[in-house]
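**Student:** my questions concern the predicted model and sequence given below.
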Amino acid sequence: MPPDWDEPLPSDVALKLPGDDQPAILLRDREQREQARFAPPDDRPVLFCTKIEKAHEYLRNRGPAPGPIQELGGARFFEIRDPEGHAIEICSAP
């Protein structure tokens, strides 16, 4: 785990995408997360990216119909839904 990622859990796995210098995806056991009370309020997955406009355009041109880019607390984000209707949030990297 990168040292600057807060509050690691034993199950945490950090994934680094091709071409990135640092890990960008955190996988965490749901049960451990809930026991530590780290569960997000709506329990939706959040993916971070550095080029939110490009991600929004890419998804819009390929069919998933993303929602509008919004801003809250200095973070920019939008939502998409998977084929089963579950929400996924795409957020600008912190």
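**Tutor:** Structure received.
**Student:** who does the residue nearest to the spatial centre of the chain bridge with?
**Tutor:** Central residue of the chain (CA atoms, centre = their mean): residue 47, 1.8 Å from the mean position. Beta bridges link residue 47 to residue 90, judged by DSSP bridges.
**Student:** quick one: it and residue 87 touch, right?
**Tutor:** No: Residue 47 lies out of contact with residue 87 (CB atoms under 8 Å); the separation is 11.6 Å. Heads up, the C-betas are built off the backbone N, CA and C, glycines and all.
**Student:** sorry, back to before: got the contact list for the residue nearest to the centre of the chain?
**Tutor:** 25, 88, 89, 90, 91 (CB atoms under 8 Å, 6 or more residues apart in numbering).
**Student:** cool, residue 7 as well?
**Tutor:** Residue 7 neighbours (CB under 8 Å, 6+ apart): 36, 38.
**Student:** quick check: phi and psi at it.
**Tutor:** Dihedral angles of residue 7 (phi, psi; degrees, to the nearest 10) stand at phi 50, psi 60.
**Student:** one more: residue 59?
**Tutor:** phi -70, psi -40.
**Student:** so it touches residue 67, yeah?
**Tutor:** No: under the criterion of CB under 8 Å, residue 59 is not in contact with residue 67, lying 10.2 Å apart.
**Student:** this protein - how does it break down into domains?
**Tutor:** Here the domain assignment for the chain is 8-39, 43-94, based on automatic domain parsing.
**Student:** can you add distance to residue 2 and mean pLDDT and give the ones you listed back as TSV?
**Tutor:** TSV is the format used below for the domains of the chain (distance: least, CB to CB, whole Å; pLDDT from 0 to 100):
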stretch	distance to residue 2	mean pLDDT
domain 8-39	6	79
domain 43-94	12	86
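**Student:** could you measure from the nearest residue to residue 25 once chain neighbours are set aside over to residue 76?
**Tutor:** Counting by CB to CB, 6 or more residues apart in numbering, residue 25 lies nearest to residue 15, which is 4.1 Å off, once chain neighbours are set aside. When CB to CB, to the nearest Å is the yardstick, residue 15 and residue 76 sit 22 Å from each other.
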